[in-house]
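[1] got a sequence here, can you build the structure:
(chains A and B)
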Amino acid sequence: MEAGHERELVERCRRGDETAFQALVERYKDLVFALIARTVLDRSRAEDLAQDVFLRVHRGLPYFRGEARLSTWIYRIVANVCLQERSRPAVSIRQTPLDSPGAQVASASIDRRFAELELRDRVEKAIARLPARARLLIAAHYLEGVRYEELADALALPLGTVKTQLFRAKQQLRRILETELS
Amino acid sequence: MFCDEVLDAVERIAAGEETPDRRAADHLATCRQCAAALADARAIDVLLRARPAPRVPAQFTSRTMARVRGDRWRRERVLDAGFNLALGLILFGLASVVWMLLNGSGLASVGDDAVAVFRTAGVALARRVAPALPLYAGAALLLGGALAFWWWAERDAAA
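    Okay, the predicted model is just below:
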């Protein structure tokens, strides 16, 4: 979104223009929801939390000074909401080694699509075992439209630290998957 | 020792953020463990990129706007209540100040005398009016009945 258009939208929202705020929700809902749904472990809470983000945006707009980009400020709120969410994983990681006899028979018979889905499922479960911040970093990094710089601003961290934390998160993820698969 | 260094950089290399120098490239070509780690990291990177973005539930915007409206209404109510309370406190404070000033200046005792005069006059007026009260009540009833009859007749005419 262009800076001028963004400023105008914020100003209209501040004046209490409901249509403008609705446009803001429409503009950011995909990213906000995707970030939250990928970060919180209880998927049923994702919509509530995404709505909480927009409530906080609505309450905070009068105090938004425009020093950061609107998207950065919204990501910061998303990060706070996700990190405050205390729900712990209700996900149980199935520890089925690939080289077990059952798994070998299964992998021989299942089609490629199913194997891919299974692998994706394992990745999701491995991500669920990461700390909240690591989940958020991975979620944000792999979503289209979120840049390192915005992530760094949103988390109030230097750019280098964000990159390091992201690589550590991926390293952690690889180790979890390796442990699970070995 | 060199394995540790390469394994630390595997994610950066897989993401294309770092190009392995010659020493690291030679190591990756010969060390099966590090090469496997790099292959895993690349596979994970591909999987993460291919993760489908969760879809926003239908009616999300309208539900969010309803919550925003509800929240604004609640906050306005709290603001109104605060304003009314503040106004009430100010009026109470003003009344207290006026009362203290009247007491201090002696005007309150004059006020008491005035109240006594009005009370006596009120009682005298009520005593004079009391005998004629049934007459006034009868007249009011007659007038009310006439008005009700007129309203009923007009309603029928309109129908």
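
[2] so where's chain B uncertain?
    Counting by pLDDT under 70, chain B shows low-confidence ranges at B:1, B:156-159.

[3] ok, the residue in it that chain A sits nearest to - how many residues close by?
    Proximity to chain A, evaluated over chain B using CB to the nearest CB, is greatest for B:Pro54 at 3.6 Å. (C-beta placed from N, C-alpha, C; glycine too.) Neighbourhood size, B:Pro54 [other CB atoms under 10 Å in any protein chain shown]: 18.

[4] which residues of chain A lie near chain B?
    Neighbours of chain B within chain A, by CB under 8 Å from any CB of the partner chain: A:18, A:21-22, A:25-26, A:29-30, A:33-34, A:37-38, A:43, A:46-47, A:50-51, A:54-55, A:58-59, A:119-120, A:123, A:138, A:142-144, A:163, A:167, A:170-171, A:173-174, A:177-178.

[5] return a ChimeraX selection command for the buried portion of those residues.
    In ChimeraX, this line selects whichever of these come out buried by 16 or more other CB atoms under 10 Å in any protein chain shown:
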select /A:21,22,25,29,30,33,34,37,38,46,47,50,51,54,55,58,119,123,138,142,143,163,167,170,171,173,174,177
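
[6] restricted to helices, list the residues of chain A next to chain B.
    Taking DSSP state H as the definition of helices, the residues of chain A next to chain B contribute A:18, A:21-22, A:25-26, A:29-30, A:33-34, A:37-38, A:43, A:46-47, A:50-51, A:54-55, A:58-59, A:119-120, A:123, A:138, A:163, A:167, A:170-171, A:173-174, A:177-178.

[7] burial of residue 122, as a residue count?
    Answering for chain A, as no chain was given. When counting by other CB under 10 Å, one arrives at 19 neighbours for A:Arg122.

[8] that's the wrong chain, I wanted chain B
    B:Gly122 is flanked by 10 other residues according to other CB under 10 Å.

[9] quickly find the element holding it.
    When elements are assigned from DSSP states H and E, B:Gly122 belongs to helix B:107-129.

[10] so which bits of that helix are buried?
    Buried residues in helix B:107-129 (16+ other CB under 10 Å): none.

[11] following element in sequence after it, please.
    Next helix or strand after helix B:107-129 toward the C-terminus (DSSP H and E): helix B:133-158.

[12] how far is that next one from where the chain is centred?
    Relative to the chain's own centre, helix B:133-158 is displaced by 49 Å; criterion: CA atoms, centre = their mean, to the nearest Å.

[13] and the angle from that helix to helix B:107-129?
    In terms of direction (axes from the mean of the first three to the mean of the last three CA atoms, to 10 degrees), helix B:133-158 departs from helix B:107-129 by 80 degrees.

[14] buried ones in helix B:133-158?
    The neighbour-count check on helix B:133-158 (16+ other CB under 10 Å) flags nothing as buried.

[15] please apply the same query to stretch A:124-134.
    A:125-130, A:132, A:134.

[16] just to revisit the earlier point, need phi/psi at the residue of chain B closest to chain A.
    Backbone torsions of B:Pro54, given as degrees, to the nearest 10, read phi -60, psi 140.

[17] verify the contact between it and A:Val40 for me.
    No - using CB atoms under 8 Å, B:Pro54 is not in contact with A:Val40, being 10.6 Å away.

[18] hang on, the earlier thing: out of the buried residues of stretch A:124-134, what pair is the most spread apart?
    The largest separation in those, counting by CB to CB, is between A:Lys125 and A:Ala132 at 15.7 Å.

[19] about what we covered before: in helices, which of the buried residues of stretch A:124-134 appear?
    Residues of the buried residues of stretch A:124-134 located in helices (DSSP H): A:125-128, A:132, A:134.

[20] dump those into JSON lines; add pLDDT as well.
    As requested, those are exported to JSON lines (pLDDT from 0 to 100):
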{"residue": "A:Lys125", "pLDDT": "86"}
{"residue": "A:Ala126", "pLDDT": "88"}
{"residue": "A:Ile127", "pLDDT": "88"}
{"residue": "A:Ala128", "pLDDT": "86"}
{"residue": "A:Ala132", "pLDDT": "86"}
{"residue": "A:Ala134", "pLDDT": "88"}
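
[21] could you find the closest non-adjacent residue to the residue of chain B closest to chain A?
    Residue nearest to B:Pro54 in three dimensions, not counting chain neighbours: A:Ala37, with 3.6 Å by CB to CB, 6 or more residues apart in numbering or on different chains.

[22] ok, now B:Cys3?
    Nearest one to B:Cys3, counting by CB to CB, 6+ apart, is B:Cys34 at 5.7 Å.

[23] the one you found in helix, strand or coil?
    Judged by DSSP: H, G, I helix; E, B strand; the rest coil, the three-state class of B:Cys34 is helix.

[24] which residues of chain B lie near chain A?
    B:8, B:10-12, B:14-15, B:17, B:37, B:40-41, B:44-45, B:47-51, B:53-54, B:56-57, B:60-61, B:63-65, B:67-69, B:71-72, B:75.

[25] make it 7 Å
    Within chain B, the residues that sit near chain A (CB under 7 Å from any CB of the partner chain) are B:11-12, B:40-41, B:44, B:47-49, B:51, B:53-54, B:56-57, B:60-61, B:63-65, B:67-68, B:71.

[26] quick one, which of those are buried?
    The neighbour-count test (16+ other CB under 10 Å) marks B:11-12, B:40-41, B:44, B:47-48, B:51, B:53-54, B:56, B:60, B:64-65, B:67-68, B:71 as buried among these.
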